[in-house]
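Chemist: Got a sequence here, can you model it:
(2 chains)
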Protein chains: 2
Amino acid sequence: MYEANEDPSVHGVLIYYPVFGFFPSFYGGSMDDYLRDSVSFKKDVEGLSFTYRFNLYRNIRFMDAPSSVPPSVNPSPEPSALEPLLKCLLPCTALSVVKILETIGGYDLDLPIGERMKGKVVSIINRSEIVGRPLGALLANDGADIYSVDIDSIYHFRRGQLLQTTETPESAVRRSDVIVCGVPVKNYKLPTAWVKPGAIVVNVASYKNVDEEELLKVPGVKYVPLVGKVTIAMLERNLIRLFAQYHAEDSPGKDFKYVLENRPPMMKG
Amino acid sequence: MYEANEDPSVHGVLIYYPVFGFFPSFYGGSMDDYLRDSVSFKKDVEGLSFTYRFNLYRNIRFMDAPSSVPPSVNPSPEPSALEPLLKCLLPCTALSVVKILETIGGYDLDLPIGERMKGKVVSIINRSEIVGRPLGALLANDGADIYSVDIDSIYHFRRGQLLQTTETPESAVRRSDVIVCGVPVKNYKLPTAWVKPGAIVVNVASYKNVDEEELLKVPGVKYVPLVGKVTIAMLERNLIRLFAQYHAEDSPGKDFKYVLENRPPMMKG
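Modeler: Got it, this is the predicted structure:
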């Protein structure tokens, strides 16, 4: 992997987790954490390494953003003399859900970028670091109220904040405009009686977390049974972006190497 | 804290943990993790933020090192045209133990830097992310074999590696040239019968983990009952380094801002 990080003919590194699982690492955390953070951000097609995670949760969209202060803390950073050029990579599965919601009416495209989920309530039944948590942060950073449901807790995410809530999974889902199911067990089924008319239900689990026949009886419901193909398209999108940013030969001065060597990236701040 | 990060009259930020403890964060992990990683490395006098942790475990000593590949993986990186200038900050308590060991004979100063703990066996009874784990990594990266003992496990650290071991706390301590005790409870006492003649025993806990009278009966033992004053000196050392690297007005071109804006720091790799 270190060789791939340095090899100019390699543009993306994808690690098929779990590799070592939770086996502890000399480097802190688990061996899989070590792998995840050892992929160079120049090659991190999955968008899971530290810098991309750091930026995603802080709603920092560019590697060469003028400030590392989250926009929720300081909405008007001092303008930089230079327009940012290098987009941060986002995790493929979470990104696929965003793109699906943009396409099928989950986002209000008449609102300004960053506000297009304003007023929307979303329940996400999964809080993994790979899918549920980054997806919750992306949608919260676009203005939604998120109920993040996991096996032993429910949290309310709102742009940069994790709030305690008295909602239950049932009460949260009943209020939700969008419900994302990502429960990695065969026998979990979302109770369709909780789904309100017109809601969007997206199944990101490899199991069907939904009784489709029952769900489709809910008036106006929109149902997305799987996201795998869109996720692969997002992986390709990320790879193309990494390629372009790695050596944009047609636009000298706009590639990773030039930009990061010639001005301060976010991590400097 | 964000203001302090940006304020040129502030040179160090020290957070007195725990603040929020394990309360979960929107940003992933706990709220205290979020605080720890939100301190700019320009102000991180405790050396606990991501970039410094990343570099410590990988034995990368400079922010502007030519490569992010750990020396244990690639001992001879391509030489950089530029000598590295910006030293990484190390966590104060772990650093204080290193300095104490250098002073009282734990390090072999006749060996080359990076090898001065070669052949030494060290037991560290504590594996916190603040003290035991970074100290183990620092000493392992200087050539020692470390037995890292915590309440439910014992690991063997050796330069970049975490190995499983059949040693017990007793057998590990009996073999150890250096024993570091950091057990945060009042009633823990290191069994002095396990300490071999001539060993060095360092107590980093706020409680006395050692029956001093009994310990001093072991022939040739060297005992350091507390490290607080040296830790404060290391904090001052770190602050002076941050100040110098932040704006070295007497040596233009050698400060954080100049160096990081004009060539690739490690995090770019």
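
Chemist: What residues does the stretch 101-250 of chain A have near chain B?
Modeler: Residues of the stretch 101-250 of chain A found near chain B, taking CB under 8 Å from any CB of the partner chain as the criterion, are A:129, A:133, A:137, A:140, A:155, A:157, A:160, A:161, A:162. Yep, even glycine has a C-beta here, placed from its N, CA and C like the rest.

Chemist: in what helix or strand does the nearest residue to residue A:129 once chain neighbours are set aside lie?
Modeler: Nearest residue to residue A:129, sequence neighbours excluded (CB to CB, 6 or more residues apart in numbering or on different chains): residue B:28, at 6.6 Å. Element membership for residue B:28, per DSSP states H and E: none, as it lies in no helix or strand.

Chemist: and what of the one 4 residues further on?
Modeler: Residue B:32 is part of helix B:31-38 when elements are defined by DSSP H and E.

Chemist: Name the next helix or strand following that helix along the chain.
Modeler: helix B:50-57.

Chemist: any bit of the next helix or strand after that following helix sitting next to chain A?
Modeler: Moving toward the C-terminus from helix B:50-57, the next helix or strand (DSSP H and E) is helix B:92-104. No. Using CB under 8 Å from any CB, we find that helix B:92-104 stays clear of chain A, coming within 12.9 Å at best.

Chemist: Which residues does helix B:92-104 contact?
Modeler: Applying CB atoms under 8 Å, 6 or more residues apart in numbering or on different chains, the external contacts of helix B:92-104 come out as B:45-47, B:90, B:106-107, B:109, B:116, B:130-131, B:134-135, B:138-139, B:142, B:178, B:180, B:200, B:202, B:204, B:222, B:224, B:227, B:230-235, B:237-238.

Chemist: Just give me how far that helix sits from the chain centre.
Modeler: Taking CA atoms, centre = their mean, to the nearest Å, one finds the center of helix B:92-104 at 9 Å from the center of the full chain.

Chemist: Return the alpha-carbon coordinates of it using PDB.
Modeler: The C-alpha coordinates for helix B:92-104 follow below in PDB (Å, rounded to 0.1, in the frame of the first residue of the first chain):
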ATOM      1  CA  CYS B  92       4.500  15.900  27.500                       C
ATOM      2  CA  THR B  93       4.200  13.000  30.000                       C
ATOM      3  CA  ALA B  94       5.700  10.400  27.600                       C
ATOM      4  CA  LEU B  95       8.400  12.800  26.700                       C
ATOM      5  CA  SER B  96       9.300  13.500  30.300                       C
ATOM      6  CA  VAL B  97       9.800   9.700  30.800                       C
ATOM      7  CA  VAL B  98      12.100   9.600  27.800                       C
ATOM      8  CA  LYS B  99      14.200  12.600  29.100                       C
ATOM      9  CA  ILE B 100      14.400  11.000  32.600                       C
ATOM     10  CA  LEU B 101      15.600   7.700  31.200                       C
ATOM     11  CA  GLU B 102      18.200   9.600  29.100                       C
ATOM     12  CA  THR B 103      19.400  11.300  32.200                       C
ATOM     13  CA  ILE B 104      19.600   8.400  34.700                       C
END
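
Chemist: tell me the angle of it relative to helix B:50-57?
Modeler: Comparing the axes of helix B:92-104 and helix B:50-57 via axes from the mean of the first three to the mean of the last three CA atoms, to 10 degrees yields an angle of 30 degrees.

Chemist: Now do the buried residues in stretch A:199-208.
Modeler: A:199, A:200, A:201, A:202, A:203, A:204, A:205 (16 or more other CB atoms under 10 Å in any protein chain shown).

Chemist: Need the CA coordinates for it. CSV is fine.
Modeler: The C-alpha coordinates for stretch A:199-208 follow below in CSV (Å, rounded to 0.1, in the frame of the first residue of the first chain):
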residue,chain,number,x,y,z
ALA,A,199,-41.9,9.5,2.4
ILE,A,200,-38.8,8.4,0.7
VAL,A,201,-37.4,5.0,1.9
VAL,A,202,-33.8,4.0,0.9
ASN,A,203,-32.4,0.6,1.7
VAL,A,204,-28.6,0.7,1.9
ALA,A,205,-28.3,-2.7,3.7
SER,A,206,-27.2,-5.8,1.7
TYR,A,207,-30.4,-7.4,3.2
LYS,A,208,-33.8,-6.1,2.4
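
Chemist: What's the mean pLDDT across it?
Modeler: The average pLDDT for stretch A:199-208 rounds to 97.

Chemist: Show the pLDDT at the residue nearest to residue A:129.
Modeler: The predicted local confidence for residue B:28 is 83.

Chemist: still on that earlier bit, mind picking the one among the residues of the stretch 101-250 of chain A next to chain B that's closest to chain B?
Modeler: residue A:162 (4.2 Å; CB to the nearest CB).

Chemist: for chain A, what spans make up the helices?
Modeler: Along chain A, the stretches classed as helices by DSSP state H are A:2-6, A:31-38, A:50-57, A:92-104, A:132-141, A:169-175, A:212-215, A:228-246, A:256-262.

Chemist: hey, C-alpha coordinates of the longest one in PDB?
Modeler: Below are the C-alpha coordinates for helix A:228-246, written out as PDB (Å, rounded to 0.1, in the frame of the first residue of the first chain):
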ATOM      1  CA  GLY A 228     -25.000  -0.600  -5.000                       C
ATOM      2  CA  LYS A 229     -24.900   0.500  -8.600                       C
ATOM      3  CA  VAL A 230     -24.900   4.200  -7.700                       C
ATOM      4  CA  THR A 231     -22.200   3.500  -5.100                       C
ATOM      5  CA  ILE A 232     -20.000   2.000  -7.900                       C
ATOM      6  CA  ALA A 233     -20.700   5.100 -10.000                       C
ATOM      7  CA  MET A 234     -19.600   7.300  -7.100                       C
ATOM      8  CA  LEU A 235     -16.500   5.200  -6.700                       C
ATOM      9  CA  GLU A 236     -15.800   5.800 -10.400                       C
ATOM     10  CA  ARG A 237     -16.600   9.500  -9.900                       C
ATOM     11  CA  ASN A 238     -14.100   9.700  -7.000                       C
ATOM     12  CA  LEU A 239     -11.400   7.900  -9.000                       C
ATOM     13  CA  ILE A 240     -11.800  10.300 -11.900                       C
ATOM     14  CA  ARG A 241     -11.600  13.200  -9.500                       C
ATOM     15  CA  LEU A 242      -8.400  11.800  -7.900                       C
ATOM     16  CA  PHE A 243      -7.000  11.300 -11.400                       C
ATOM     17  CA  ALA A 244      -7.800  14.800 -12.400                       C
ATOM     18  CA  GLN A 245      -6.500  16.300  -9.200                       C
ATOM     19  CA  TYR A 246      -3.400  14.100  -9.200                       C
END
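
Chemist: Show me what that helix is in contact with.
Modeler: A:8, A:11-12, A:14, A:42-47, A:86-87, A:89-90, A:92-93, A:95-96, A:99-100, A:255-257.
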